[in-house]
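> From the sequence below, what's the structure:
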Amino acid sequence: MKKCKILINAELGLVVGANKKVQESDIDNLPYLHAIVQETLCLHPPAPLLVPRKAVRDTNFMGYSIPKNTLVMVNYWAIGRDEDSWEDALSFKPERFLDSNINYKGSSYEFIPFGSGRRICPGLPLAHRMIHLILGSLLHHFEWELCDDGKIIDMTEKMGAGARKLELLQAIPKRKTT
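Residues are numbered from 1 along each chain as shown. The predicted structure follows:
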């Protein structure tokens with residue numbers, strides 16, 4: 001995590017500059033920030049299940065027989081943790097998305113946190129810009145400290161309409177001094 005912190009701070013300092021606000025025009029020049037967002041969406045998707053689909057005809061998929069009119073639920077939470085799709089799938093490694101063609105815009109089927117095809121999330125373009133702008137601003141202007149410093153963080157999730165942490169993470173922002 002320290003390596004991640006050093007890399008993102010260096011990238012923001014180089015692209016945005018000290019004492020300047022992160023602008024929307026900076027977003028495309030922040031590849032490590034993009035990688036952090038992608039890795040987060042892979043491990044912790046906005047919703048664990050994608051919008052249900054209905055089979056329009058009898059289908060055989062990966063050896064499974066799916067009868068016509070079957071409601072198909074895609075468990076994206078499990079796809080993001082699949083060891084066959086991701087090396088060291090449960091580790092937070094943003095570097096796996098650097099110099100990669102994998103993106104969450106619906107064409108990389110191992111990475112579809114917003115869905116794909118006709119049922120892709122209509123808010124994706126806005127979410128793409130806002131997630132990067134807000135996260136970049138928070139990381140560029142603040143140092144973050146955990147409230148329970150030294151305590152081991154339980155990353156277990158409870159399932160429901162959305163996967164949520166069993167224990168809330170509390171962080172305190174401290175304005176950076178430059």
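> Can you list the low-confidence ranges for this structure?
For the chain, the stretches with pLDDT under 70 are 1, 106, 149-168, 178.
> Okay, strands next: where are they in it?
For the chain, applying DSSP state E gives strands covering 53-54, 59-61, 64-66, 71-72, 142-146, 157-158, 164-165, 171-175.
> As JSON lines, those strands with mean neighbour count would be great.
(C-beta placed from N, C-alpha, C; glycine too.) JSON lines is the format used below for these (neighbours: other Cβ atoms under 10 Å):
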{"stretch": "strand 53-54", "mean neighbour count": "12"}
{"stretch": "strand 59-61", "mean neighbour count": "10"}
{"stretch": "strand 64-66", "mean neighbour count": "10"}
{"stretch": "strand 71-72", "mean neighbour count": "10"}
{"stretch": "strand 142-146", "mean neighbour count": "12"}
{"stretch": "strand 157-158", "mean neighbour count": "12"}
{"stretch": "strand 164-165", "mean neighbour count": "12"}
{"stretch": "strand 171-175", "mean neighbour count": "10"}
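> Report the central residue of this protein.
For the chain, residue 41 is the residue whose C-alpha lies nearest the centre (Cα atoms, centre = their mean; 1.7 Å).
> sorry, back to before: could I get the strands of the chain as TSV with distance to residue 78?
TSV is the format used below for the strands of the chain (distance: least, Cβ to Cβ, whole Å):
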stretch	distance to residue 78
strand 53-54	16
strand 59-61	16
strand 64-66	15
strand 71-72	14
strand 142-146	29
strand 157-158	12
strand 164-165	17
strand 171-175	28
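> Out of those, the one nearest residue 126 is which?
Proximity to residue 126 (Cβ to Cβ) singles out strand 164-165 among the strands of the chain, at 22.9 Å.
> Tell me which residue of the chain is furthest from the middle?
Distance from the C-alpha centroid of the chain peaks at residue 58, with 33.8 Å (Cα atoms, centre = their mean).
> wouldn't that one be in contact with residue 64 here?
No - when contacts are counted by Cβ atoms under 8 Å, residue 58 is not listed as touching residue 64 (11.6 Å).
> how much space is there between the residue nearest to residue 101 when sequence neighbours are not counted and residue 89?
Nearest non-adjacent residue to residue 101, counting by Cβ to Cβ, 6 or more residues apart in numbering: residue 108, 7.3 Å away. Shown here: residue 108 relative to residue 89, a distance of 15 Å by Cβ to Cβ, to the nearest Å.
> rewinding a little: the residue nearest to the centre of the chain against residue 112, yeah?
No - counting by Cβ under 8 Å, residue 41 stays clear of residue 112, with 9.8 Å between them.
> for the top helix by length along the chain, packing partners?
Using DSSP state H, we find that the single longest helix of the chain is helix 124-141. Packing partners of helix 124-141 (3 or more Cβ pairs under 8 Å, 6 or more residues apart in numbering; DSSP states H and E): helix 2-15, helix 31-43.
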